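Chemist: model this:
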Amino acid sequence: MTAIDLLSRPDLVELMGSMARSVRAEGQYNQQQAMLARPDSHADLRRARIPTLFVVGREDTARPIAEHESMAACIPGAPLEIIEHCGHLSTIEQPEIVNRLLSDWLGAN
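Modeler: Prediction:
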């Protein structure tokens, strides 16, 4: 979901604004610092021996599809599902699709 598309969803704009206000400026700063300092996890993913599903929104600019493809490639057989018309907050933006993907995947595993 692009920024322009997001603006057409006042419910999401309000929810995201509410979430940001709830942690205030210090919380937002701490979140950004944590993301910047997060180590690369590809080595950990290569050691994973459990069924794994990757899900990404087609319009996710925070963690684009290429990043998810790279992570999914670390775990043999791990599927990557791409949700259309969706950004970074897939469980909020497209909850029905996420629930269906999870239900189908869990049923197969």
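
Chemist: all strands of this structure, in order?
Modeler: Applying DSSP state E to the chain gives strands spanning 54-57, 80-83.

Chemist: Tell me which of the ones you listed sits most buried.
Modeler: Greatest average neighbour count among the strands of the chain goes to strand 54-57 (a mean of 22), per mean count of other CB atoms under 10 Å. The C-beta positions use only the backbone N, C-alpha and C, and glycine is treated the same way.

Chemist: Summarise which helices and strands that one is packed against.
Modeler: helix 65-72, strand 80-83, helix 90-93 (3 or more CB pairs under 8 Å, 6 or more residues apart in numbering; DSSP states H and E).

Chemist: Of all the ones you listed, which one is nearest Ser18?
Modeler: Judged by CB to CB, the one of the helices and strands packed on strand 54-57 that comes nearest to Ser18 is helix 90-93, at 11.7 Å.

Chemist: Name the residues of that closest one that come out as buried.
Modeler: By neighbour count on 16 or more other CB atoms under 10 Å, the buried set for helix 90-93 is Ser90, Ile92, Glu93.
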